[in-house]
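Student: Show me the folded form of this:
(chains A and B)
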Amino acid sequence: MSYPIEIIRHSLAHVMAAAIKKLYGDVKFAGGPAIENGFYYDFDTEHKFTPEDFAKIEKEMRDLIKSNGRFEQKNVSLDEAKKIFADQPYKMEWLNEYDAAGEALSIYNFRDFTDLCRGPHVESSKDLPRDSFKIRTVAGAYWKGDSRNKMLQRVYVDAFATAKELEEFEKMQEEAASRDNRKLGRDMDLFHFEPEYAPGAVFWHDKGYKIYRRLIDYVRMRQERAGYLEISTPSVMDKSLWETSGHWAKYGEHNYSGKTQDGKVFCVKPMSCPGGMLVFGQGIKSYKDLPLYLAEFGKVNRYEAAGGLSGLMRVREFTQDDAHIFCTEDQLEAEVVKVLRFIKDIYSKFGFDKISMKLATRKESEFRIGSDEIWDKAEGALKSALEKNGIEFEIAEGDAAFYGPKIDNYLKDSMGRVWQCGTVQLDMNLPERFDLSYIGEDGEKHRPIMLHRAMLGSIERFMGILLESTGGNLPLWLSPEPVVVTPISEKFKEYAKEVIEQLRDAGVYVGSDLRDEKVNYKIRELSLSKTPIIAVVGEKEMADKTVTLRHLGSEKQETIKLDLFIDQMKQAIKMPE
RNA sequence: GCCGGUUUAGCUCAGCUGGUAGAGCAUCUGAUUUGUAAUCAGAGGGUCGUUGGUUCAAGUCCGACAACCGGCACCA
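Tutor: Just a heads-up that it's a prediction; the model follows:
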């Protein structure tokens, strides 16, 4: 009988636990769910699992599967369960929790392994595949995901219904790895890192920086058209500012700070908001000034934990396309609707049509600013704004910031990892701390409502995602070198230079490859470095004032008049509206 | 930060149980003057991540630190 893949994966997790129990004896079992592409199981044992163990474990699993062991479910009382799991501290913790929550306790036996588990499982291991799973890696993971707890060993396994699917998955992983932002950064000569001097900070090369600037230029153009005002605030400010904002207390160890010769402590800004607050605070604001949009492409520095850094995706220094929207309570919902629509539209220009949003709501247990009434209203406003935009979203309960609820937008990298990019956050904290006010219709002072908003989020991260999603095959308007001109031979160098000059005069970024190499060789190299259009010129072209084009990913050739080509390029590199 | 792995030429990687470094591509030089994914020949290039130690001798063994990769935690 055939089962859904989740049940197969979950059952295989039990098989692996049974295999590990058999092979390594004294093991404390934590838990092992099915996940995308497979499953994992967390173990606590003296034995340190290494890649050398994998084949052995896999073999034991196959033997167990072959033995046609049954998965037998039984409901047990709390006392029975406590007896069964007396030497399994993690299971004990679970069963006490389940019991406290009023849930029935269910156990599953498979061979010598008994697990506290709701199931469901396959009936017998004969229903499980023997050749379509593979242990991928072992990694540390904290018990219950809390870093104050003990770190367990998590064994990750890729598992599918058939060997063919596993093979396809592995092939896809390999293909995805070839689109890694770090690899593309090197192959396309976009950027590099200096681990010794600046771990987690990007050295942008000319081509990478062109893309970077284009991203900013595009957002800037769109923002200005939408009535945003762009400001710029200092990178280094006195520690007292961060005490006022509350960031020193909450994120002190993640700030870069240093003492000046006269003994003052300054911080490199980890975010742009406090600067924005100070700008809003200048002069007297009227309700007629609201909503007020203050945007800033702020370069921020955060001393992120070393283990969390990852290429362009997670860096210590990055630029946010930040903006702060000051409005009245009545305007709040409409402003959120507007921002979400804005983000949705911007993303569509990069080919991200399906955007994944999470509404992060308050955590009841934790300290937070603002009354329940305000939170109700704030969460309600964000939720209804999402609904009014027809955006699908999940609710991430308890994920709100202490100062307010937020909507986070996630994009996936080539390996399927999820990264937060755009965000809309309601902040009830900073206007208060900076004592911001505007004069209302009634002539009285009122506290403005403030929204933080980033669309791309971190330019670095967004570019990483963009590179991986396109495999480096960027749309022409973002390409640092949409066209490279190369002559057939030495004899046509002069004409090639002429073509380059004309393109450059027309405002088209253009590269040249004037090396005395065979065309085949240059085509290969330019293709590997993701040149969108290669313009080859030889005798014919020089005589006819034409260029012969080859587009990335296609073998077709097309010869067109140089004038026409220049016009076409001028159009093609225009930013989307 | 935590767990595991890795770190050898610009890049990708080889160097078995210790005897003082190798390949391909790239670079440079020369020849070739090329019509759409690698022309041929020659040459140069490495404090083997850093730092302690063991040893007559360390890329190789042991320790510390760092960075990178994969997870976990964190992510204003």
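
Student: ok, now how distant is the closest residue to A:P199 other than its chain neighbours from RNA strand B?
Tutor: Closest residue to A:P199 apart from its sequence neighbours, by CB to CB, 6 or more residues apart in numbering: A:L309 at 6.4 Å. Yep, even glycine has a C-beta here, placed from its N, CA and C like the rest. Separation of A:L309 from RNA strand B (CB to the nearest atom of the strand, to the nearest Å): 5 Å.

Student: can you list the domain ranges for chain A.
Tutor: As assigned by automatic domain parsing, chain A contains the domains A:5-171, A:182-470, A:483-572.

Student: pLDDT score assigned to A:M1?
Tutor: As predicted, A:M1 sits at a pLDDT of 69.

Student: can you pull the contacts of whichever residue of the stretch 401-550 of chain A sits closest to RNA strand B?
Tutor: Going by CB to the nearest atom of the strand, RNA strand B is nearest to A:G538 of the stretch 401-550 of chain A, at 2.4 Å. Going by CB atoms under 8 Å, 6 or more residues apart in numbering, A:G538 touches A:P487, A:I488, A:S489, A:F492, A:T548.

Student: swap in A:G32?
Tutor: Here A:G32 is in contact with A:H10, A:A13, A:H14, A:M16, A:A17, A:F39, A:Y40, A:Y41, A:D42 (CB under 8 Å, 6+ apart).

Student: Of those residues - the most surrounded one?
Tutor: A:H14 (29 neighbours; other CB atoms under 10 Å).

Student: doesn't A:D112 make contact with that one?
Tutor: No - counting by CB atoms under 8 Å, A:H14 sits too far from A:D112 to count as a contact (11.2 Å).

Student: Among the contacts of A:G538, name the ones in strands.
Tutor: Among the contacts of A:G538, the ones falling in strands (DSSP state E) are A:P487, A:T548.

Student: Okay, buried residues for the host helix or strand of A:E175 please.
Tutor: Here A:E175, judged by DSSP states H and E, is contained in helix A:163-177. Of the residues in helix A:163-177, A:E165, A:L166, A:F169 count as buried by neighbour count, 16 or more other CB atoms under 10 Å.

Student: and the helix or strand containing A:R524, what does it pack onto?
Tutor: Using DSSP H and E, A:R524 falls within helix A:519-528. Other helices and strands packing on helix A:519-528, by 3 or more CB pairs under 8 Å, 6 or more residues apart in numbering; DSSP states H and E, are strand A:483-487, strand A:533-537.

Student: what pLDDT does the closest residue to RNA strand B within the stretch 201-350 of chain A get?
Tutor: Nearest residue of the stretch 201-350 of chain A to RNA strand B: A:G307, at 2.2 Å (CB to the nearest atom of the strand). What the model reports as pLDDT for A:G307 is 95.

Student: That one falls within a helix, correct?
Tutor: Yes - under DSSP: H, G, I helix; E, B strand; the rest coil, A:G307 sits within a helix.

Student: Put together JSON lines for the helices and strands packed on helix A:519-528, with mean pLDDT and mean neighbour count on each row.
Tutor: JSON lines is the format used below for the helices and strands packed on helix A:519-528 (pLDDT from 0 to 100; neighbours: other CB atoms under 10 Å):
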{"stretch": "strand A:483-487", "mean pLDDT": "97", "mean neighbour count": "24"}
{"stretch": "strand A:533-537", "mean pLDDT": "97", "mean neighbour count": "24"}
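
Student: Rebuild those strands as TSV, extending it with distance to A:E498.
Tutor: Shown next, in TSV, are the helices and strands packed on helix A:519-528 (distance: least, CB to CB, whole Å):
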stretch	distance to A:E498
strand A:483-487	9
strand A:533-537	9
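
Student: Am I right that A:D563 falls within a helix?
Tutor: Yes - assessed with three-state DSSP, A:D563 lies in a helix.

Student: For the closest residue to it other than its chain neighbours, give me phi and psi.
Tutor: If the residues on either side of it in the chain are set aside, A:D563 comes closest to A:K545, at 7.6 Å by CB to CB, 6+ apart. Note on A:K545: backbone dihedrals following degrees, to the nearest 10 are phi 60, psi 50.

Student: Chain neighbours aside, what residue packs nearest to A:T233?
Tutor: A:G275 is the one closest to A:T233 (CB to CB, 6+ apart), at 2.7 Å.

Student: From the contact counts, what lies against the helix or strand hosting the one you found?
Tutor: Secondary structure from DSSP H and E places A:G275 in helix A:273-280. When contacts are defined as 3+ CB pairs under 8 Å, 6+ apart, helix A:273-280 sits against helix A:239-245, strand A:292-301, strand A:317-327, helix A:430-433.

Student: Please work out which of the ones you listed is packed deepest.
Tutor: strand A:317-327 (a mean of 23; mean count of other CB atoms under 10 Å).

Student: and that one, average pLDDT?
Tutor: 98.

Student: Need the contact partners of the next helix or strand after it.
Tutor: Next along the chain after strand A:317-327, taking DSSP H and E as the criterion, comes helix A:332-348. For helix A:332-348, the external contacting residues (CB under 8 Å, 6+ apart) are A:218-219, A:222, A:226, A:291, A:325, A:327, A:353, A:355, A:357, A:377-378, A:381-382, A:384-386, A:388-389, A:391, A:407, A:409, A:422, A:424, A:426, A:449, A:451, A:453, A:455-456.

Student: repeat that with 7 Å
Tutor: Helix A:332-348 has contacts (CB atoms under 7 Å, 6 or more residues apart in numbering) with A:222, A:226, A:291, A:325, A:327, A:355, A:381-382, A:384-386, A:388-389, A:391, A:409, A:422, A:424, A:449, A:451, A:453, A:455.

Student: I'd like to know which of those are part of helices.
Tutor: A:R222, A:A381, A:L382, A:S384, A:A385, A:L386, A:K388 (DSSP state H).

Student: Give me the pLDDT value at A:E224.
Tutor: Per-residue confidence for A:E224 comes out at a pLDDT of 97.

Student: Give the burial count for it, as a bare number.
Tutor: With other CB under 10 Å as criterion, A:E224 counts 12.

Student: Got phi/psi on it?
Tutor: phi -60, psi -40.

Student: Give the closest residue to it in space, chain neighbours not counted.
Tutor: In space, A:E224 is closest to A:E230, 7.2 Å off (CB to CB, 6+ apart).
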